[in-house]
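Asks: Sequence plus predicted model, see below.
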Amino acid sequence: ESWIYYGLCLPAVCFVWQIAMIILFGIFIRYNEESDAHWIEHKTFNNISSNIENDFYFRYPSFQDVHVMIFVGFGFLMTFLKRYSFGAVGFNFLIAGFGLQWALLMQGWFHSLDPMDGKIKIGVESMINADFCVASCLIAYGAVLGKVSPVQLMVMTLFGVTLYAVEEYIILSLIHARDAGGSMVIHTFGAYYGLSISWMLYRPNLDQSKHRIGSVYHSDVFAMIGTLFLWMFWPSFNSAISDHGDGQHRAAINTYLSLAATVLTSIAISSLSQKTGKLDMVHIQNATLAGGVAVGTAAEFMLMPYGSLIVGFCCGIISTLGYIYITPFMEKHLKIHDTCGIHNLHAMPGVIGGIVGAITAAAASKGVYGKEGLTNTFDFDGKWKDMLPTQQGGHQAAGLCVALCFGIGGGIIVGCILRLPIWGDAPDNSCFDDDIYWECMPSASSNNPCLGPHNTVSIASNVWRQHGTIAFFEMLWVCPVAYPDRGAP
Amino acid sequence: ESWIYYGLCLPAVCFVWQIAMIILFGIFIRYNEESDAHWIEHKTFNNISSNIENDFYFRYPSFQDVHVMIFVGFGFLMTFLKRYSFGAVGFNFLIAGFGLQWALLMQGWFHSLDPMDGKIKIGVESMINADFCVASCLIAYGAVLGKVSPVQLMVMTLFGVTLYAVEEYIILSLIHARDAGGSMVIHTFGAYYGLSISWMLYRPNLDQSKHRIGSVYHSDVFAMIGTLFLWMFWPSFNSAISDHGDGQHRAAINTYLSLAATVLTSIAISSLSQKTGKLDMVHIQNATLAGGVAVGTAAEFMLMPYGSLIVGFCCGIISTLGYIYITPFMEKHLKIHDTCGIHNLHAMPGVIGGIVGAITAAAASKGVYGKEGLTNTFDFDGKWKDMLPTQQGGHQAAGLCVALCFGIGGGIIVGCILRLPIWGDAPDNSCFDDDIYWECMPSASSNNPCLGPHNTVSIASNVWRQHGTIAFFEMLWVCPVAYPDRGAP
Amino acid sequence: ESWIYYGLCLPAVCFVWQIAMIILFGIFIRYNEESDAHWIEHKTFNNISSNIENDFYFRYPSFQDVHVMIFVGFGFLMTFLKRYSFGAVGFNFLIAGFGLQWALLMQGWFHSLDPMDGKIKIGVESMINADFCVASCLIAYGAVLGKVSPVQLMVMTLFGVTLYAVEEYIILSLIHARDAGGSMVIHTFGAYYGLSISWMLYRPNLDQSKHRIGSVYHSDVFAMIGTLFLWMFWPSFNSAISDHGDGQHRAAINTYLSLAATVLTSIAISSLSQKTGKLDMVHIQNATLAGGVAVGTAAEFMLMPYGSLIVGFCCGIISTLGYIYITPFMEKHLKIHDTCGIHNLHAMPGVIGGIVGAITAAAASKGVYGKEGLTNTFDFDGKWKDMLPTQQGGHQAAGLCVALCFGIGGGIIVGCILRLPIWGDAPDNSCFDDDIYWECMPSASSNNPCLGPHNTVSIASNVWRQHGTIAFFEMLWVCPVAYPDRGAP
């Protein structure tokens, strides 16, 4: 019986997948030479003068910033809904926790499989890449926030990470496109993946829950915590895996500037959109981040400070206009409901970022980069030794197309899977409602949206409709706390 | 007509200024040699052994901490008002986003203009200095929180950054005072700048809004997020631009200790101030930070751990007493309304910090610092080769005076500008109220202070009074959501 | 008279102890050679090639992460109670601020006393260790949250830090056990210390306050801020003081993986524990962190990635089951009330961590670590030159026992002291209530739990009962704001 079934479904998925992770890690994953106890011998052998040369000290501070973006940034950005804060931050936590393990394996098989012993060797850079991979799934979560069950999210993440690892391999290794900040690999892919899934899972009767779409005062302030940590640490995100030295340095500066410009233009458009000149928190919470997305690919290039400002300037405008015009349009005419507006924050800026990257790469010259600098920045060595910047521009564009195809194609396929009626997703009139997946304290106060007659009755009645009488009474029996008024019917 | 006008004023300012930034960045700003792609050749040329020698790795972690202080620290510290959390964190975001761009230019012209090509060369240290400059404007914002419009804040920031760059140049370069943590340059200047503006903008009838001055339970908890991030990262703030090696190391230790001592004395005085021994969140949120301000100048000197504790000890007492006695006094007798009490948190501790710095510098000796250490710490080279610590002490004191003059003088002038009736600031009975600048969700709940008849009526009526009948009806027409009771009059 | 007395007690303690700190710091504490101005000469003398070799750059980023865990992590994790958020974050702030100073002294005397001049030399590592020491006291605070007065917390911290320094010296120096992440030294000790105190302070009539034990919607979201910052920065916690290079690198990876596995199993068990499959925020907030605790000791060893996952897997299960079964059992049958469930989050995982560490150490081999690597990782030099891994395993186990004894023994003794009726702790019906120690704004709204007739009356009446008539009327007199209904009796 579906209610019982659902009660066992999530634990089963968590256990089975976590045990699978342990087995696969046991077979495949080992420390790389910089995190292995042999490092001290390795150091002498490669006469590395000091421990500070360990990649850990180049990348760990950036890793921690990225880590904060994944868990607090994405998690709290989605707490804006008045009745879905637990689900936003809690399920974000769940899928990120699973996703990063699966990402270490998938990316490892493609990128860091040691030919000698067939093991994947991990270090701090692997952790950053795993967090990056998870980011694309969390972006996708933004589109379906409040409409899917945790089990669906786990499935979405399983396939999302898999698709990510493949497209990343194709884009970065086969096509040799550069994408340090992941405008294409992370944002374009993740956003279109989520939007396609949301399209496949379209609910015609969602307006039964529309009174829960929207924020209350405090939930908007919580969301600002997410916004600000994403905004502040984005320079670390875009510079985390770029080249040591000037590469990381430049990526941080470009992102810092682009984001600053975005703030002003988002606020300007937000104010213009209201005749009273009032500002809308939705725009401040989201559109102000578009500049970081759009500068992702080109951040490590010689984009120039003013170039970064121009990118940020345009994205602030486009992203805010997207919230005002495109999101309602997509819902009305394309049957795509995008809860967090990821199309405005990740999809469009991601595509712009890919294009900016292609142009910047194509325009690169020895004059601007210096001979060694050019080779170094675009990694023109090995089989790519004789590559020209113009060609690189083409490869960047090709990478963008691959990201788009994987996002849309993958999303449609995974969407079909998620439409199977076995995942225990919320009924149309209980979307955006924590009460269906979270135990809420009986000590309800006016801030506690989980209780109150309206809510419990609506759920009770819908359970009746959806799961039949037995489920209904059983639910009343198993959950006395949440249904004080169970005597009523 | 003023209401319409205001609706266009903010977007216009944002666009014009952002476009100006892009043009000026295009003309003046380039990457410095550590963030330029030529770094790889530069490295070989200056035989720098490793990328880890890039200044990025010395300063970036501190930069990120400072960045958090600016956006989350200052932003959330000001969310304590029950009805002004959006304005606190949102306008903080806006002026910081603009200010840091303008600061890169202003500081660049004074400090890092490359004589060869007339360009400003920026790197991670420039970003830290830009954030520092912005900090002084955010401090000033604390004094006028809830009483000015975003446009006024933009103007305040434009002039504030300009004044800051000039006084910083005079204090650090011309006078050769040392001020790593900015007790004088940032806190003293910023606080007196804000207080003078608040004095110029004094509102005799502010008591019409006094029911909104004060916190609710959750807004006090939000404010603690700001407090703690400021408190925790202050060691990074004071060590961010001090000398590599022992300089940064010592600055972090001194700040860490000073802040710890401040916590105990603030709590002690807070408890003493109530016969019941109860604590006041206002003191915990603000006075506990005074130690970090007061140790700013001397943090990189050999202040000694116990010296830091003494500074923190005194500032905790003085700052808390300031909240209890001086703030009410200033409002009553000096006509200076200081919303966040920046006089207690930044002005007094800043001046103390300048004095402590002067004394510590004057008392410096080869015995304590070592011969090279003394030269290195106080930068006694070039034209300052033969300078003595006692002289340095005098120069520090001179620097403090310059900061005071620029703060007070600049604030008065800018205050006059801000008194012009063209900036669309809130009427006396709508201060400290987000509803006048922010769209609030129609789905109001008891946590949503933006709606409710009282509020809308008060605004409606005041708009009538302030802007005449046409404005009134127009407002009703343009903003149906916020004025459900528009049939009433 | 006790009410007055209490009003003076906290300030007196803060002042006396802070002054004592200043004197002791003056006598004992100096900068170490890496934070002293002589560093520049020291560098030349030891031909250290670059400032980047200063320990500051190896450890400061991790220190800042640990610092965030102490103040925001622990502070906000405890804000989950509907009416005790001020006390959670505020008293956490107070005892951490005092504790870290006392820890620098106590740990200094045992670990870093310079034989030459009898001074304690501090640097960034001392700050990390001080924060670690404070962590154990904050863990203990979790057990007694809401039931003790700030003065009792200060006393608890004074003795807690002292005991910590002694057991740490015995475990790390005398027994030569390794404990980089402090599973034994920090978590096992801290948790049993707190639980023993809670046992000694058992209140039979606590059910008079049980309507305040529990969360409201927003307080659970605040608690997630604490959870996530603890979770994200735990890799820095476990790697902060481990060996430079591979040691820190490996510790971060192991912790990262262990925590990821814990998330899935905690959520699985949480869902299983409800027939509806709903999740409980208490488990998400706490049990998800158990993996970080349990991997603390072994984090720097060659635990292997899959080993970390296994540890996290088990701890997620055990910790969540602890919240479901053990905590209620302990309260009912052992008379131990554990407000935050530290037994499940710190005690059990800490002991597991100690055992895992012992096993991993005993199983160490030259094959896995390499000859130099083994010596380096386990610090087999000096008098421990000829030690074998198997022996080390025994020493680890011995260390765990010492931690347990100090925690339980110390807790019982300190508990006796805290039972003295002189500390002004809250009466049984005012526990978990901020109103008794915090001034609450008169501008009460529905979110403000501090006011409202129920509450004031309950306190008024209990003050009458506990402190007699004079106290009662005096209280009414001194605190007009908090007792609007003082005319009533």
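Replies: Arrived safely, thanks for sending.
Asks: where does chain A have low pLDDT?
Replies: Residues of chain A that meet the criterion pLDDT under 70 lie in A:1-6, A:441-489.
Asks: which residues of it fall in strands?
Replies: Taking DSSP state E, the strands of chain A run over residues A:29-31, A:120-122, A:279-280, A:438-439.
Asks: what's near enough to touch the closest residue to A:N286 other than its chain neighbours?
Replies: Nearest non-adjacent residue to A:N286, counting by CB to CB, 6 or more residues apart in numbering or on different chains: A:L345, 4.8 Å away. C-beta: built from backbone N, CA, C; applies to glycine. By CB atoms under 8 Å, 6 or more residues apart in numbering or on different chains, A:L345 lies in contact with A:G142, A:A191, A:N286, A:A287, A:L289, A:A290, A:V293, A:S319.
Asks: Pipe the strands of chain A into JSON lines and attach distance to C:Y57 and mean neighbour count per row.
Replies: Converted to JSON lines, the strands of chain A look like this (distance: least, CB to CB, whole Å; neighbours: other CB atoms under 10 Å in any protein chain shown):
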{"stretch": "strand A:29-31", "distance to C:Y57": "23", "mean neighbour count": "22"}
{"stretch": "strand A:120-122", "distance to C:Y57": "24", "mean neighbour count": "23"}
{"stretch": "strand A:279-280", "distance to C:Y57": "42", "mean neighbour count": "24"}
{"stretch": "strand A:438-439", "distance to C:Y57": "44", "mean neighbour count": "23"}
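Asks: now those as CSV including distance to chain C?
Replies: Shown next, in CSV, are these (distance: least, CB to the nearest CB, whole Å):
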stretch, distance to chain C
strand A:29-31, 4
strand A:120-122, 6
strand A:279-280, 22
strand A:438-439, 5
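Asks: before we move on, the earlier item: pick out the one among the contacts of A:L345 with the largest number of neighbours.
Replies: A:V293 (36 neighbours; other CB atoms under 10 Å in any protein chain shown).
Asks: Near the nearest residue to that one once chain neighbours are set aside, how many residues? Count them for me, please.
Replies: Excluding the flanking residues, the one nearest A:V293 by CB to CB, 6+ apart is A:P349, at 3.8 Å. When neighbours are counted by other CB under 10 Å, A:P349 registers 34.
Asks: One more: A:L158?
Replies: There are 19 residues near A:L158, going by other CB under 10 Å.
Asks: give me every residue that touches A:G247.
Replies: A:G247 neighbours (CB under 8 Å, 6+ apart): A:A180, A:S239, A:E300, A:N376, A:T377.
Asks: Kindly recompute the last result at 7 Å.
Replies: Contacts for A:G247 were tallied using CB atoms under 7 Å, 6 or more residues apart in numbering or on different chains; they are A:E300, A:T377.
Asks: all helices of the stretch 51-200 of chain A, in order?
Replies: For the stretch 51-200 of chain A, the helices defined by DSSP state H, counting those that start in this stretch cover A:55-68, A:74-77, A:85-111, A:124-144, A:150-168, A:189-200.
Asks: Looking at the ones you listed, spot the one closest to chain B.
Replies: helix A:55-68 (4.3 Å; CB to the nearest CB).
Asks: Give me the contacts around the closest one.
Replies: Contacts of helix A:55-68 (CB under 7 Å, 6+ apart): A:34, A:123-125, A:127-128, A:131, A:229, A:233, A:236-237, A:239-240, A:244, B:52, B:57, B:60-61, B:64, C:58, C:61, C:65, C:232-233, C:236, C:248-249, C:252.
Asks: try stretch A:221-234
Replies: Applying CB under 7 Å, 6+ apart, the contact partners of stretch A:221-234 are A:65-66, A:68-69, A:72-77, A:79-80, A:85, A:255, A:259, A:285, A:288-289, A:292, B:64, B:67-68, B:71-72, B:75, B:79, B:85, B:89, B:222, C:221.
Asks: Any idea how far it is from the middle of the chain?
Replies: Centroid separation between stretch A:221-234 and its chain, computed with CA atoms, centre = their mean, to the nearest Å, is 14 Å.
Asks: Of all the helices of the stretch 51-200 of chain A, which one comes closest to B:G97?
Replies: B:G97 lies closest to helix A:74-77 among the helices of the stretch 51-200 of chain A, at 17.7 Å (CB to CB).
Asks: residues in contact with that closest one?
Replies: Here helix A:74-77 makes contact (CB under 7 Å, 6+ apart) with A:88-89, A:92-93, A:138, A:222-223, A:225-227, A:230, A:285, C:228.
Asks: Ok, stretch A:104-119 next?
Replies: A:24, A:28-30, A:120-122, A:126, A:129-130, A:133, A:161-162, A:165, A:168-169.
Asks: neighbours around A:A20, how many?
Replies: 13.
Asks: quick one: the helices in the stretch 201-350 of chain A?
Replies: Counting by DSSP H, counting those that start in this stretch, the helices of the stretch 201-350 of chain A are A:217-239, A:246-272, A:281-286, A:290-294, A:305-321, A:327-333, A:342, A:348-362.
Asks: how near is A:M69 to chain C?
Replies: Per CB to the nearest CB, to the nearest Å, A:M69 is found 10 Å from chain C.
Asks: Quick check: the gap between that residue and chain B.
Replies: As judged by CB to the nearest CB, A:M69 and chain B stand 12 Å apart.
Asks: Contact partners for that residue?
Replies: Shown in contact with A:M69 (CB under 7 Å, 6+ apart): A:F229, A:L230, A:F233, A:F237.
Asks: other SSEs contacting the lengthiest helix in chain A?
Replies: Criterion DSSP state H: the longest helix present in chain A is helix A:389-419. Packing contacts for helix A:389-419, counted by 3 or more CB pairs under 7 Å, 6 or more residues apart in numbering or on different chains; DSSP states H and E, involve helix A:150-168, helix A:189-200, helix A:348-362.
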